[in-house]
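Q: Quick one, fold the following:
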Amino acid sequence: MKKAMIAVSLLSVVAVATSAAFLTGSAEAASKSTAAVQSGGTGIEAASVEHMKRTVFSPDGKLVSIFEEWQDTVSPRYKGAATSAEDGTASMVIQNGKEFVKYFIDANGNVVDGMKQSFPQASEPSSFFAAEKERYTREEWKNKGKVTENGVTYTKVTRTYTSVGTKFTETLLLNNSGLPVKESIYTIENGKPELQFNASYEYDKLKADKSLFDVDRVKLPKK
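A: Alright, predicted model coming up:
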C-alpha cells in the first residue's frame, strides 16, 4: 500500500514539475505553464517560439516519459504534449488566441477524447523561459553553489517538500542562463533518499509555424 501511495505521489510530482496546463485544462494555465518540439516551418515571426523538452528516466536509465512545450512570446499561442514511453499514449493542449483544445491520443496516433473551448478574450503573450528562470530564484529553492560536470559549470539548487504524504527532494542543475538542464527526484524515508527519476532538458527557439498552433485541424471524436 505504501508503494502504491508513493507511485501516486511521484506521478503528481512529475506532472506538476512539468505543466499546469495538463492538470487544469485551462487556457490561462496553458499560457503561463511550463512543457513539446517541432522544427520551424514557414514562420510568421522569426524565432518567437520558445521550446522546451523534458525527458524523464527511471533510476536504471529506462525512458519513462517525454514532456514538451511551445510558447509563442509575441502572440497568445501555446502547445503542450505529454507522451508515455510505456504505451505510446499522449495528452495534448493547444491555445491559439481565444481558442483552446485539450485532447488525448492512443498508441496508434488516433484522437480518442478531448474538448474544445472558446474564451471571451485571449491571454497576454508571455515568456516561458523567463517564468522558468524566475521559478528557481524563489525562497523554496536553496542554492547549493557551483558544480562542474564534463567541463561545464552549473548552479545546483534543491528543494524538499511533501506530496500525498510522501517527502520528496528535487535537485536541479541550472545553466548559465538560469534554466534547468538536469534534474533528479528522490523520496525521503527514515531520513534516507531514494532516487525515483532523473530528467534532462533541451531548449531552442523556433519560427512561429501556423500549423503548430492550429486548433481547427484537431478533429475530436463524436460523442
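Q: For the residue located most distally from the centre of the chain, what are phi and psi?
A: Note on the chain: the largest C-alpha distance from the chain mean falls to residue 190, namely 30.4 Å (Cα atoms, centre = their mean). Main-chain dihedrals, residue 190, degrees, to the nearest 10: phi 60, psi 40.
Q: Could you pull out the buried residues of the helix or strand hosting residue 183?
A: Assigned by DSSP states H and E, residue 183 belongs to strand 180-189. For strand 180-189, a neighbour-count test (16 or more other Cβ atoms under 10 Å) marks 180, 181, 182, 183, 184, 185, 186, 187 as buried. Where C-beta positions appear, they are placed from N, C-alpha and C, glycine not excepted.
Q: Stretch 161-172 now?
A: Those would be 163, 166, 168, 169, 170, 171, 172, for stretch 161-172 by 16+ other Cβ under 10 Å.
Q: ok, so of those residues, who is nearest residue 61?
A: Checking those against residue 61 with Cβ to Cβ, the nearest one is residue 171 at 17.5 Å.
Q: need the contact list for residue 180.
A: Applying Cβ atoms under 8 Å, 6 or more residues apart in numbering to residue 180 gives the contacts 132, 136, 172, 173, 174, 201.
Q: Most neighbours out of these, which is it?
A: residue 172 (23 neighbours; other Cβ atoms under 10 Å).
Q: List the strands paired with the longest strand belonging to the chain, with their directions.
A: In terms of residue count, the longest strand belonging to the chain (DSSP state E) is strand 192-206. Here strand 192-206 has these sheet partners by DSSP bridges: strand 49-57 (antiparallel), strand 180-189 (antiparallel).
Q: Among those strands, which comes closest to residue 206?
A: strand 49-57 (4.4 Å).
Q: Toward the C-terminus, what is the element adjacent to that closest one?
A: By DSSP H and E, the next helix or strand past strand 49-57 is strand 63-72.
Q: Each with direction, which strands does that following strand pair with?
A: Partners of strand 63-72 in its sheet, by DSSP bridges: strand 49-57 (antiparallel), strand 77-84 (antiparallel).
Q: In the buried residues of stretch 161-172, find the pair that's most separated.
A: Across those (Cβ to Cβ), the longest gap, 19.1 Å, separates 166 and 172.
Q: What's opposite residue 198 in the beta bridge?
A: residue 57, residue 184.
Q: Next up, the contacts around it.
A: Here residue 198 is in contact with 56, 57, 58, 59, 182, 183, 184, 185 (Cβ under 8 Å, 6+ apart).
Q: Closest to residue 88 out of those?
A: residue 56 (15.1 Å).
Q: Can you give me every residue that contacts that closest one?
A: 14, 63, 64, 65, 66, 67, 197, 198, 199.
Q: Which stretches in this protein count as strands?
A: Under DSSP E, the chain gives strands at 49-57, 63-72, 77-84, 90-96, 99-105, 111-118, 142-149, 152-163, 166-174, 180-189, 192-206.
Q: Which among those strands is found nearest to residue 126?
A: strand 63-72 (6.9 Å).
Q: mean confidence score for the closest one?
A: Here strand 63-72 scores 96 as its mean pLDDT.
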